[in-house]
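Engineer: Quick one, what's the 3D model for this:
(2 chains)
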Amino acid sequence: MRRYYPVIRVLSLVILMFGLTMLVPWGLSWATHDGAESAFDEALLLTVGTGLGLWYATRKEKRDLTIRDGFLMVALVWTVLPVYAGLPLMIQLDASFTDAYFEAVSGLTTTGATVFEGLDNLPVSINFWRCQLVWLGGMGLIVLAVAILPLLGIGGRQMFKAEAPGPMKDSKMTPRMAEAAKGLWVVYTLISICCMLGYRWAGMTWLDAIMHMFSTMGLGGFSSHDASFGFFDSPAIELVSIGFMLIAGCNFATHYLVLSGRSLRPYVTDPEAGAFLLVTLGSVVGIAIFLDVHEVYPAFSEALRYSAFNVVSIATTTGYANTDYALWPMFAPLWMLFLSSFATSAGSTGGGIKMIRAIVLYKQVYRELTRAMHPNAVHLVKIGNEVIPPNILFAVLAFGFVYMVCIVSMTLALSFSGLEIITSFSAVVASINNTGPGLGQVGPANNFGGLTDFQTWVCTIAMLLGRLEIFTLLVVITPAFWRK
Amino acid sequence: MRIVILGAGQVGASVAESLVSENNDITVVDSDHERLAQLHDRLDLQTVVGNAAYPSVLASAGLDDADLLIAVTQSDQTNLVACKVAHSVFNVPARIARLRARDFLDSEKLLSTENFAVDYALCPEQVITEYIARLVDFPEALQVLNFAGGRLVLVGVHAYAGGPLVGSPIKEMRSHLPPEIDGRIAAIYRRDGAITPTGETVIEDGDEVFLLAAEEHIRAVMRELRRSLEPVRRVMIAGGGNIGLRVAQALESKCQVKVIEVERRRAEFVATNLKSALILSGDATDEELLQQEAIDEMDLFLALTNDDEDNIMAGSLAKRMGCKRVVALINRRAYAELVQGGPIDIAISPAQISIGRLLTYVRRGDVAQVHSLRRGAAEALEVVAHGDANSSKVVGRRVGELPVIPGAFVAAIVRDLDKSQDVGLLGLAKQKQSGRVVIAHKDVVIQPEDHVIVFCLDKRVVKQVEKMFAVGFHFF
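Structural biologist: Next up, the predicted model:
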């Protein structure tokens, strides 16, 4: 047991840090007297208490984290913190552990799927907490810990890499990891403030603006209203939202380089940003035309408005809706779901396999075709001017394979439990891509509340696998990992 | 002039050879004793063995009272350091360095007098690449040379029966061409002998003809001598060395490019640095590989390896297997003369091309450009006419009045060449050269600052031409 003490020591500090973020909704609850004061009192006490207790028990442990500890640490952070995050929901809303844990994971992984109904009537602090979880999870809990806590040894870099989305983990931002983490959070916070002001300007109340800023920047999709953005029914608000969803779908390291270098050049050299915008905006126009041809809406302008908001929202894995797009002809929602599996960039707050992997996979296929025609060809997979080394190439291929296997096996698991195929498939895809709404029973007009406990757990696991890009979790459950 | 040359490789040896014949005192420095010995046997010059960057070695090479340093060793770093040392320690007035890496070439600040003190940076690979790229632009040509920054083009072509001018006297060209188009037939080589063309000269089938015209007119003038060919679409390059890679980079946006490289590692490096070209790992003299890659559908085969024999063999093979046109790099003059016109359509001598610009620097007067024709048999000079009617022997005179130098004549003039003017918005478009091309007929009067293109069919008269253009009072 002693060998896990360093992990527990760091974990205790992360729990403590996380507990302190609960002060915000706690304060809000006391300020507005929305009825959730005692729930947050208890949750805060429990979280900070266990954090302090664990830290006290292991405070004398000075050993640095090893690489192996790093993986364990990331897995623990992402599985343990949702327990604490779900506490206010369990206490205040009398939710089952399964539902509370699902909701917390959905928030932290920026999925945005919910099991609760009647969001408009929930205490404001509870809604605030849900949205804040999205914002914290968006940039990453470990990244936050690395930025704030000077506590990580060798394993720290590994943790940073294990949590960061995308195949190529070496950031070019700053030489020191802690500086990079700080830079990311500063940029994230700055853009978030702009987003909040944008929403306020477009007509939201301050509280709505903050909450929706949280879930927009994290590309989560939680809302304080059952009708999501349909509640506001305002093109201005939708436009602001589209803008910031697209910004959050790009690599934040690129945003950092743009802001610190005061030049727009990094956007041009970023291999993903262009493809991301092209695919997303191309789909917006394409689906608008598709809807117009099928006469779903009386005017093209209307089709364009609904297409723009919903397509961007799903493609960036946010999951807002301003209409029930599941009623559109089947091709449109399926295409949107497909987009969500790859459109966003590595290093963004979005989910899916990430644009860079999609590009690498596409180029690898092209390479195989070239090799068939020209047996002597020396063909390298390049992104921009950089050659993708074989180890990363194989990692991407393996990732693509495991991703498929996960989708298939979990879809089977859901069908086994009795769900029909569209619902099972779309629920798994929407969960593993951290999108949120699927189709059928879990479509934009419904929620995940109708699922059985077993089905909810399958989706919870899918969300965690998706957020940690599968391998980080898989590594921890291999027997080799636990061998001495 | 006292000249110190660092490096006795291909470029160094060619430079030494050209300059020795022009009456200069030359010292060559190299670390390889044997290479120097060979050079010493062949040419009348002094040699010093040692590291060319060391001040002690440079001192023993007599850099103290040298007028010019030409640093052309294999290593960019050595060349840079040698220039710096020559400037700071020995006060050598002029320094030329061969630099391969673009990183060094692109930085003007780095090469300025207060830093590495390189007056002129020569990149042979770049010069050869530009030369080959021009040949791709003009598929009919044997040689394409630029004057006045590309305003005026000199093209060598084979005349073929069927061209309107072939079989008739040159003076009839005027009646074939529209009035605004003018060109000049500058030289004719028939059965390896040079003919100075006059209006009465009749061009025969198989003559090698050098044409001079403004860039926009050159194709029309060329059509007088042979039918045009389709533009080059598919190119195969044998050899992914420094030159092969650069040429591929220059061509890959215009044509489909295939590059064959033997060494696997190098092939990967080449692949890293190219966007759309297809890189093949294999031997360019491998018949099966050429077959597989459809050599018979290629418009152009460029043999650009380091090895003369490989280039000749690969080129010959490609030609026999159906490639339309074959260009090969051949360093040895004997080989070039052996195969050009046979299996190889065009043999390019890398050393000859790359030292042309270097020679420009070495020579006195206001020579803006020197080009070797037919592997050094003749030269074309671009000279700037300075001064006025009083101080210059050429300014203010008609071309017909100039003193007659046997084997040399004025072919064309580029007027008002005030370098460049920006066209397009915000300087985004490329700079366009101004300047008016005047084909030199007897009555054209030379004006101050004209760029005059002079042909020297005999290399020995180059000196006299330079003297004629020098400002001041001279006798010759």
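Engineer: Name the helix or strand for the one residue sitting closest to the centre of chain A, please.
Structural biologist: Residue closest to the mean C-alpha point of chain A, counted by Cα atoms, centre = their mean, is A:T110 at 3.4 Å. Under DSSP states H and E, no helix or strand contains A:T110.
Engineer: How about the residues of the stretch 251-400 of chain B by chain A?
Structural biologist: B:261, B:264, B:267-268, B:270-272, B:278-282, B:289, B:292-293 (Cβ under 8 Å from any Cβ of the partner chain). Quick note: C-beta positions are derived from backbone N, CA and C, even for glycine.
Engineer: my read: the residue nearest to the centre of chain A touches A:L464, true?
Structural biologist: No: with contact defined as Cβ atoms under 8 Å, A:T110 does not reach A:L464; the gap is 11.9 Å.
Engineer: need the residues of the stretch 1-150 of chain A near chain B, please.
Structural biologist: Counting by Cβ under 8 Å from any Cβ, no residue of the stretch 1-150 of chain A is near chain B.
Engineer: Report the contact partners of the closest residue to B:P124 other than its chain neighbours.
Structural biologist: Excluding its sequence neighbours, the residue lying closest to B:P124 (Cβ to Cβ, 6 or more residues apart in numbering or on different chains) is B:S354, at 3.5 Å. Neighbour list for B:S354: B:11, B:122, B:124, B:127-128 [criterion: Cβ atoms under 8 Å, 6 or more residues apart in numbering or on different chains].
Engineer: which stretches of chain A form strands?
Structural biologist: A:382-383, A:386-387 (DSSP state E).
Engineer: For chain B, which of the ones you listed is the nearest?
Structural biologist: Proximity to chain B (Cβ to the nearest Cβ) singles out strand A:386-387 among those, at 5.1 Å.
Engineer: Touching the closest one from outside, list them.
Structural biologist: So strand A:386-387 is contacted by A:380-381, B:271-272 (Cβ under 8 Å, 6+ apart).
Engineer: Neighbours of residue 189, how many?
Structural biologist: Going with chain A. 12 (other Cβ atoms under 10 Å in any protein chain shown).
Engineer: switch to chain B, that's the one I care about
Structural biologist: Other residues close to B:Y189 by other Cβ under 10 Å number 19.
Engineer: Hmm, B:L177 and B:E224 touching each other?
Structural biologist: Yes: with contact defined as Cβ under 8 Å, B:E224 and B:L177 form a contacting pair (7.4 Å).
Engineer: list residues touching both of these two?
Structural biologist: Joint contacts of B:E224 and B:L177 (Cβ under 8 Å, 6+ apart) are B:G183.
Engineer: okay, and the helix or strand of the chain with the least pLDDT?
Structural biologist: Using chain A. Lowest on mean pLDDT, DSSP states H and E among the helices and strands of chain A sits helix A:154-163, with a mean of 67.
Engineer: should've been chain B
Structural biologist: Bottom-ranked secondary element of chain B by mean pLDDT, DSSP H and E: strand B:420-421, a mean of 48.
Engineer: picking that back up, looking at B:E224 and B:L177, which is more packed in?
Structural biologist: Each of B:E224 and B:L177 has its neighbours counted (other Cβ under 10 Å); B:E224 has more, 23 against 18.
Engineer: I am finished for the moment; much appreciated.
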